[in-house]
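# quick check, what structure comes out for this input:
(one chain, ligands or ions: 2)
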Amino acid sequence: MPESIAKIGIVTVSDRASRGEYEDRGGPAIRQYLEEVLTSPWNGIAKVIPDERDMLTQTLISLADDVGCCLIITTGGTGPAKRDLTPDVTEQVCDRMMPGFGELMRKVSLEKVPTAILSRQTAGLRGSSLIVNLPGQPKAIAECLDAVFPAIPYCIDLMEGPYLTTDPARIEAFRPKKK
Ligand SMILES: Nc1ncnc2c1ncn2[C@@H]1O[C@H](COP(=O)(O)OP(=O)(O)OP(=O)(O)O)[C@@H](O)[C@H]1O
Ligand SMILES: Nc1nc2c(c(=O)[nH]1)N[C@H]1C(S)=C(S)[C@@H](COP(=O)(O)O)O[C@H]1N2
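Ligands and ions are numbered 1, 2, ... in the order given. Presented below is the predicted three-dimensional model:
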């Protein structure tokens, strides 16, 4: 049976990028990362939205339930600023949380910037979708994804999603051997 093409949501959450005050570099950085790392077929569905609760809620639900994304990566809105609500909405739309993602990303980010602890970034599962939050700084994208990406293909296997393969020269997907 042919493997279905993985659909991956890429969501930039930024008031200024969504208003065109600066060019969104976060979404393209996520897409470029996936192009470098994934060797199995995938389609990216990118959105740029403001830090608005209803819009983010609808965007995440639609990418998960209607589009059928196995993975949704957000960037921005994870900090303590009054309008930052990406982790809160992520938790609200998810059935179950995956706190290890945020823990590991903060740990590796702390080696780069002392303000890493200001990110409330998290991850969770909605139906058959894994939602992962990244900070807004475009350079944080590869820093964080390098840490958690080795576990993402197996996470999606366990959710019965498409079989993702990676370029081992870039990221080695870790799949524990079956007993
Ligand atoms: N999507 C993005 N594209 C390009 N640069 C970004 C993006 N998001 C954040 N940055 C950069 O990182 C800095 C810190 O991120 P910050 O969280 O303040 O941005 P933001 O979420 O876009 O802010 P706001 O939503 O208030 O417009 C920004 O000042 C900007 O230089
Ligand atoms: N790897 C990494 N993590 C990082 C950063 C960074 O530059 N690199 N910036 C930090 C800062 S300054 C903030 S305020 C928080 C939240 O950023 P956000 O609101 O743009 O998501 O992420 C933190 N995590």
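# what does the protein put close to ligand 2?
By CB under 6 Å from any ligand atom, the residues of the chain that approach ligand 2 are 76-79, 84, 109, 112-113, 115-116, 118-119, 135-137, 139-140, 143-144. For the C-beta atoms, the positions are set from N, CA and C on the backbone; glycine is no exception.
# filtering those residues by proximity to ligand 1, which remain?
Applying CB under 6 Å from any ligand atom, the subset of the residues of the chain next to ligand 2 adjacent to ligand 1 comprises 76-77, 79, 136-137.
# give me the subset of those residues lying in helices.
Under the assignment DSSP state H, those contribute nothing to helices.
# in this protein, where is pLDDT below threshold?
1-3, 178-179 (pLDDT under 70).
# got the phi and psi for the residue most central in space within the chain?
Nearest to the geometric centre of the chain sits residue 73, at 2.0 Å (CA atoms, centre = their mean). With angles defined as degrees, to the nearest 10, residue 73 sits at phi -110, psi 120.
# correct me, but it touches residue 13?
No. Counting by CB atoms under 8 Å, residue 73 does not reach residue 13; the two are 11.1 Å apart.
# got a quick PyMOL command for the buried subset of the residues of the chain next to ligand 2?
Selection of buried members from the residues of the chain next to ligand 2 for PyMOL, criterion 16 or more other CB atoms under 10 Å:
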select buried, resi 76+77+78+79+84+109+116+118+119+135+136+137+140+143+144
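# my read: residue 8 touches residue 73, true?
Yes. Between residue 8 and residue 73 there is a contact at 7.0 Å, judged by CB under 8 Å.
# hmm, back to that, quick check: the farthest pair among the ones next to ligand 1 among the residues of the chain next to ligand 2?
Using CB to CB, those span at most 12.0 Å, a distance reached by 77 and 137.
# which residues does the residue nearest to the centre of the chain bridge with?
Beta bridges link residue 73 to residue 10, residue 132 when assigned by DSSP bridges.
# and the gap between it and ligand 1?
Using CB to the nearest ligand atom, to the nearest Å, residue 73 is found at 13 Å from ligand 1.
# for that residue, which residues are in contact?
8-11, 30, 131-132, 134, 145 (CB atoms under 8 Å, 6 or more residues apart in numbering).
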